[in-house]
Structure formats: C-alpha cells, structure tokens
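Asker: Structure here, sequence nowhere to be found:
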C-alpha cells in the first residue's frame, strides 16, 4: 500500500549539480526549520562529471577544487596567447566533492529524499503537486525548484550543441605544465559547419584532463570522438605508450537562442540549463548555477520567495543570438572569432563578459574586437527573423532536447569541465 504524500516547504526535482548546489547553499546560509524534499531516482555520488569555470579565489569552493590556474593559453592556428587572469582564476571542480557536500547538507537540513522519477507537476498558486511518472502523487510543496532538462519555450532560430569527449590521462613521467591550462586550442581540424577545439587541464605534471569539444548542430559517433582525441593527443606531442586513459567523460549541452522559461508557473522555478543558466554562445553553465543557488538560499533565509535573478542580462542574450547566427551562417570563422576576443581584450574582461558581469561600455569594447561587417549582417538577419516570428510564430519545427544533455557544466565548456 502506497504511503500518503507528504507536505514540504521546498521540493527539489532532480538531484544533479543544480540541486546539489542549492542544498549546499541552504546549509551555508544556515537555513533551518525548513521542510525540504529531493525527488530523484538516482542518489548522485562520485565523479560523474567535471566542471570548469572562473571566479575570484577566497570562496567556499576553494577546498573542493581539483586544480586552478591564474594563467591560461588560447592557441590559434598561427598564434599562441598566454593570458594572465588575475584577479580571476580558472578552476576545475569534480562532481564528487559537490555531491558529498550536498549529502552532508541534506543530513543537517533533515531533508526527505524520494527515490522516484518525477512526472507531472500541478501548480494551483498555493502549492505544487508533484506526481511520479506513473501518476502517483509523491508530495505537495509550497515551492518547487525543477532542474530537469526541458526544451525552450519556442525553438531557437539557431540550435547548436556543445558536445565533447575528454580523457583523463596519467603519464609515467612529467609531461604537463601544472601552472598553465590550455583554455582553447583551435589547431584541431575544423568541422564544415561549426567550431572545434581541444583543451588541457593539468592537475599535476603527470595527470590531466585532455578534451576535444565541438560547437556544431549535430553529434559525432563514438569512434569519431576517439579519433579526434587521438589526433589532438598527437598534436600535443604526447607519447601514447607512456599514457594511460584512466577515465572518459562525455557531455552534450544546448547552445540555442530559444528562450528557456525560468518561471513556468507561480510556484515552480527552474534551475540549471532549464532555468537559463547555460550561456548560449559558449555552453558555460556552472557559474550561473552557483549564483542561482546562492540567490535562492539568501531569499529563503530572509523569508522571500526562492526566485533567482535572470542568469544573464537581456542584452547579452541578444548578443549571443547574433553570435550564434554569425557562426552558423559561416559569416565569421570560429577560431578567428574567439581568438580576436582574447587577443584584443584583457582576459578578465572577456571572462566577465561571458559570465554576464560587464558594463555596457565594456560590452561595446568586446563587440569592437569582432569583425564589423559580418556581425552587422548577422544583426540585420536576426532582426528580420524576429519580425518574421511575430508574423508567423509557428513556422519553425519543434526542437527536441537531446537525451544526453547534462543539467550542469563541465571541463571543455560544460559537461565534463566548463
């Protein structure tokens, strides 16, 4: 006989990176006397992904990091840029410590864990009813935070994916520079439609994550990812006879200008990619997820609704739409486009821009570093598409969320590292 549904103040549907960060933030802000439930069929543990991001040192993530770098490189076909990130750092965080911290927070919060896959949620304005996929009522909540993958409100005008495979390599002798990460290496063969790059995140001189990433409309086969990684390993001059692949990471992240609805009903709030945390032009997600979690916890601690601010300014989402259109239409060369951003701006400005933290004046400086004519063409085409959509809103086919899309971020740009 099924047990009756429970009533809670706050329910988290999905127990991945976004929910784990919320649990940790609630504990960090000493939220107590709150009835919390986590609805997820899987209790996440161990290293199932890697996040890479930038921030300033001196926060609660310091003790959890696998590595961090104040210097990185961006490598183009003909130039190598060594970048000083100070006062920022580029950091790598594996999932295990985050899941462990979330588990400890769960215990201190006395949270209820419901090991089931959530299905339909009904919001009557006063509470949210969460059902299992078989229709059973699991719980009633005053507020629901939902981090399950979902499609945008309308299909994007441009729909790409950031997809990648990474090898955790262990060498039998020192071969990596632990003081410098390779953020983007565009010497990889470029796809016909899209952008590819490799990167290297060294933990120490013998252990590193080496990854191949593409921004493009479609996925590769497993054999194609392995071939690309083999080619990048050889490009780096690494001897396969002296290397061991200890782990493999894969990920897929949406890059679309389709708008995600962060608040689909009065008491349902979406987090992670579903809540707009993924930057459309790069796939970076972790920093925005971390901000969302902190804002939710601060709001709850002060008695306010657990609703975070938009992840990125509206003007940045527009700029992302233009950039995606320019790349998709081959109006700009991908390696040249990203290379110019870093070559013509201080690295901290570019990183703050990608996090949505730059001023309008700084945004204009970043825009001036791109090639003017193709970006104007993309801007005009984007404006024309927006007008057409208002006249014929149903003309584009529906966009389906790829089943491999992750709810967070990773090391290339988001599923294994960024």
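Answerer: Alright, I've got the coordinates. These numbers come from a predicted model, not from an experiment.
Asker: where does the stretch 101-250 of the chain have low pLDDT?
Answerer: Scanning the stretch 101-250 of the chain for pLDDT under 70 picks out nothing.
Asker: any chance you could map the helices in it?
Answerer: Counting by DSSP state H, counting those that start in this stretch, the segments of the stretch 101-250 of the chain that form helices are 222-235.
Asker: roughly how far out does the strand or helix carrying residue 390 sit from the chain middle?
Answerer: Under the criterion of DSSP states H and E, residue 390 resides in helix 372-391. From the chain centre to the centre of helix 372-391 is a distance of 26 Å (CA atoms, centre = their mean, to the nearest Å).
Asker: Could you list the buried residues of it?
Answerer: 374, 375, 377, 378, 379, 381, 382 (16 or more other CB atoms under 10 Å). C-beta here means a position set from N, CA and C on the backbone, and glycine is covered the same way.
Asker: And the third one, how far from residue 389?
Answerer: It stands for residue 377. 19 Å (CB to CB, to the nearest Å).
Asker: Go ahead and flag the most central residue of this protein.
Answerer: Nearest to the geometric centre of the chain sits residue 285, at 2.4 Å (CA atoms, centre = their mean).
Asker: from memory it sits against residue 274, does it?
Answerer: No. At 10.9 Å, residue 285 does not count as touching residue 274 under the criterion of CB atoms under 8 Å.
Asker: What ranges does the stretch 101-250 of the chain have for its strands?
Answerer: For the stretch 101-250 of the chain, the strands defined by DSSP state E, counting those that start in this stretch occupy 112-114, 118-123, 128-132, 137-146, 159-171, 181-185, 195-204, 207-216, 243-256.
Asker: Quick one: those strands as a markdown table, columns for mean neighbour count and distance to residue 325 too.
Answerer: Converted to a markdown table, the strands of the stretch 101-250 of the chain look like this (neighbours: other CB atoms under 10 Å; distance: least, CB to CB, whole Å):
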| stretch | mean neighbour count | distance to residue 325 |
| --- | --- | --- |
| strand 112-114 | 17 | 42 |
| strand 118-123 | 16 | 34 |
| strand 128-132 | 20 | 37 |
| strand 137-146 | 23 | 30 |
| strand 159-171 | 24 | 10 |
| strand 181-185 | 25 | 21 |
| strand 195-204 | 23 | 14 |
| strand 207-216 | 27 | 13 |
| strand 243-256 | 20 | 11 |
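Asker: can you tell which of the ones you listed is closest to residue 61?
Answerer: strand 195-204 (15.8 Å; CB to CB).
Asker: now that closest one, how far from the centre of its chain.
Answerer: 16 Å.
Asker: Repeat that for stretch 348-366.
Answerer: Distance of stretch 348-366 from its chain centroid, counting by CA atoms, centre = their mean, is 18 Å.
Asker: Just the buried positions in that stretch, please.
Answerer: Across stretch 348-366, burial judged by 16+ other CB under 10 Å covers 348-358, 362-363, 365-366.
Asker: any chance of the strands of the stretch 101-250 of the chain in CSV, plus distance to residue 100?
Answerer: Below are those laid out as CSV (distance: least, CB to CB, whole Å):
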stretch, distance to residue 100
strand 112-114, 15
strand 118-123, 24
strand 128-132, 26
strand 137-146, 20
strand 159-171, 19
strand 181-185, 25
strand 195-204, 18
strand 207-216, 20
strand 243-256, 18
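Asker: Residues touching the helix holding residue 390, excluding its own?
Answerer: 154, 157, 318, 321-323, 325-326, 329, 331-332, 367, 395-396 (CB atoms under 8 Å, 6 or more residues apart in numbering).
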